[in-house]
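# Provide a 3D model corresponding to the input given below.
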Amino acid sequence: MTKKRCDIFRGTGRMIGNKARAARVGYLKWQNSHLPESVELILIALLLGVFTGMAAAALKGLVGLLNDSILAGVRIGKPNVRFLIWPLAGILATGLYQRYVVRGNVSRGTRIIRRDLDNGHYHLSPFTIFNPIVGCSLTMGLGATGGTEGPTALSGAAIGSVIGRWFGLSKAWLRLLVGIGAGAGISAIFKSPTGGVLFTLEVLQMELTTLPVLALVIACLFASTTAYLLSDFTFDIFFDKSLPLDPHTLGWVALLGIFCGLYSIYYSYTKNKATAFFTSIKRPWVASIATGASLSVFVFMFPILFGEGFNVITSLVNGVGVSFTESGILAGHSGMLWMLTGIVAVLLLKGALVAASYSGGGVAGDFVPTFFAGALAGYLFATVINLSFGLNLPVWLFSLVGMGAVMAGTIHAPLMAIFILCETTNTYGYVFPYLIAVALAYATVKILTPRSWYGEADHDDLMALLSRKDTPSLRANISGKMK
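Presented below is the predicted three-dimensional model:
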């Protein structure tokens, strides 16, 4: 009876599969004869944007749910042992998931996308849509310090590949949809459509003509809008100030840019060294324990390292006081000296801990951590200047500007950093100080370390883009009918 029932199920499955294939073949025939290329383009971009926005909202929801469950009942003014347990548990759980469920590695989204584009691997598995989401939820939800943007970009790239294959597109268009989907993922996670567009152009260096650019813009717009709608019309960083810019602060903003450039060199150096160390551990479980234990110990010592840290960023850019000593080993030690000590310690550790989050079995991104480090760097800079010279610089403004400066200096993508910062915080009114600080931070990095680049993309994004020549053969391949 059981065998007969299984045969019935198999026959039913084959019948459904055959009908689905027949329907798809019929659609493709109708598509080639009736559907204009422009309409098809808009439809693909719309679907890609909506699905990627849904994936980003799902990831944010899962991470937020796990974060809230861990943070509920945290004791203020005393060290909390839970911070010593959960980050390690998250890395181990993610390692188990990648090793026995995924049977692969989805730890570093941007690097995987770049590798697939370079190797001509555009047929991404449908499971790649979900695997980074689940892995990052376990890693970031249980307290690792990192970001959610890399996994979302990888999920968006997989969505683009799957949709492109369903529509029967050529290999050239599948390549483009992988890059467009990745940009939509960045757009959705930051709710920054321009930032997503610039990620594809500046970091992935996709060479696009008119139709692909239109697809990229539409996908990023729909992805960010969908994520915004599904997150109850909220941004991760709520900025409520609208103060005019004092021109007298611009000189100090320029110095902040140089300071952030110097810090970016240190941040990248420690992150790269930590990545090399953790990835050199040959036994996967030893690597997971080493990275997870490192995260747990330092999150226990400094709880503001827990998760993405958007609550800390929001407080800093709005001029709201943040306690850097409560609930950790410095609990009970108040005062300016202890606060500055805590900030310096976190800034020194941040890059290495971000590397630990994705080098030993975890799944995390490294864009958001640069925002966090930049906000702290700006806060530290302005506070020390005010104390040293008796000034009254707006500390919140320097925290805001520092976010873009450190992202530009570490990711080597200054244009993307400016627009993500403007759109994430809705602060286009401060674009002039952003330009000054970002330009000087990036220039400082390039002058002092001319051969440095963003490791996940394997090139110095802006300089390589400016020196790159057109490729007519590629344009010839993608200018024709999508088939």
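# use CA for all of it now, contacts and neighbours both
Noted.
# how much space between residue 335 and residue 320?
Remark: distance between residue 335 and residue 320 (Cα to Cα, to the nearest Å) = 16 Å.
# what of residue 374?
For residue 374, the distance to residue 320 - Cα to Cα - is 17 Å.
# the more surrounded of those two?
Neighbour count, other Cα atoms under 10 Å: between residue 374 and residue 320, residue 374 has more, with 28 against 12.
# tell me how far stretch 435-443 lies from the chain's centre.
Centre-to-centre, stretch 435-443 and its host chain are 21 Å apart (Cα atoms, centre = their mean, to the nearest Å).
# who's in contact with residue 70?
Neighbour list for residue 70: 82, 142 [criterion: Cα atoms under 8 Å, 6 or more residues apart in numbering].
# name the SS class of it, please.
Under the three-state scheme (DSSP: H, G, I helix; E, B strand; the rest coil), residue 70 adopts helix.
# hang on, residue 270 packs against residue 352?
Yes: here residue 270 reaches residue 352: they are 5.3 Å apart, a contact under Cα atoms under 8 Å.
# where does pLDDT dip in the stretch 1-150 of the chain?
Across the stretch 1-150 of the chain, the ranges flagged by pLDDT under 70 are 1-37.
# let's see 80
For the stretch 1-150 of the chain, residues meeting the criterion pLDDT under 80 lie at 1-39, 76-77.
# got the residue ranges for the helices in it?
Secondary structure of the stretch 1-150 of the chain by DSSP state H, counting those that start in this stretch: the helices cover 2-34, 37-71, 86-96, 109-119, 127-141, 149-166.
# now for residue 282, how many residues are close by?
Residue 282 has 9 nearby residues by other Cα under 10 Å.
# contacting residues for it?
By Cα under 8 Å, 6+ apart, no residues touch residue 282.
# which residue is the nearest non-sequential neighbour of the residue nearest the centre of the chain?
Nearest to the mean C-alpha position of the chain, by Cα atoms, centre = their mean, lies residue 149 at 2.3 Å. Distances taken as Cα to Cα, 6 or more residues apart in numbering place residue 365 nearest to residue 149, at 5.4 Å, with adjacent residues excluded.
# what's across from the one you found in the sheet?
residue 147 (DSSP bridges).
# just the pLDDT at it, thanks.
Note for residue 365: predicted pLDDT of 95.
# how much space is there between residue 262 and residue 448?
As judged by Cα to Cα, residue 262 and residue 448 stand 9 Å apart.
# number of residues surrounding the nearest residue to residue 238 once chain neighbours are set aside?
Spatial nearest neighbour of residue 238, excluding adjacent residues (Cα to Cα, 6+ apart): residue 314 at 6.0 Å. When neighbours are counted by other Cα under 10 Å, residue 314 registers 23.
# so residue 314 sits in a helix?
Yes: counting by three-state DSSP, residue 314 is located in a helix.
# I'd say it and residue 237 touch.
Yes: here residue 314 reaches residue 237: they are 5.2 Å apart, a contact under Cα under 8 Å.
# any regions of the stretch 301-450 of the chain where pLDDT drops low?
For the stretch 301-450 of the chain, counting by pLDDT under 80, the residues that fall below are 321-328, 330-335.
# does residue 206 count as helix, strand or coil?
Here residue 206 takes the coil state, with states given by three-state DSSP.
# next up, the contacts around residue 42.
215, 218.
# quick one: the residue nearest to residue 149 from residue 146, how far?
To residue 146, residue 365 is 6 Å away according to Cα to Cα.
# neighbour count winner among the two?
Taking neighbours as other Cα under 10 Å, residue 365 and residue 146 compare with residue 146 leading, 32 against 26.
# got the phi/psi numbers for the more buried one?
The phi/psi pair for residue 146 (degrees, to the nearest 10) reads phi 180, psi -150.
# returning to what we had before: does the residue nearest to the centre of the chain touch residue 367 like I think?
Yes: with contact defined as Cα under 8 Å, residue 149 reaches residue 367; the gap is 6.8 Å.
# where do the strands sit along the stretch 351-483 of the chain?
Applying DSSP state E, counting those that start in this stretch to the stretch 351-483 of the chain gives no strands.
# list the buried ones in stretch 69-81?
Neighbour-count burial for stretch 69-81, with 16 or more other Cα atoms under 10 Å as criterion, is recorded at 70, 79-81.
# among those residues, which two are most distant?
Farthest apart among these by Cα to Cα are 70 and 79. That separation is 14.3 Å.
# residues in contact with stretch 213-231?
In contact with stretch 213-231 (Cα under 8 Å, 6+ apart) are residues 41-42, 44-54, 56-57, 180-181, 183-185, 187-194, 196-197, 234-235.
# what's the burial count for the nearest residue to residue 437 once chain neighbours are set aside?
Spatially, and ignoring its direct neighbours in sequence, residue 437 is nearest to residue 257 (3.9 Å; Cα to Cα, 6+ apart). Other residues near residue 257 come to 32 when the count uses other Cα under 10 Å.
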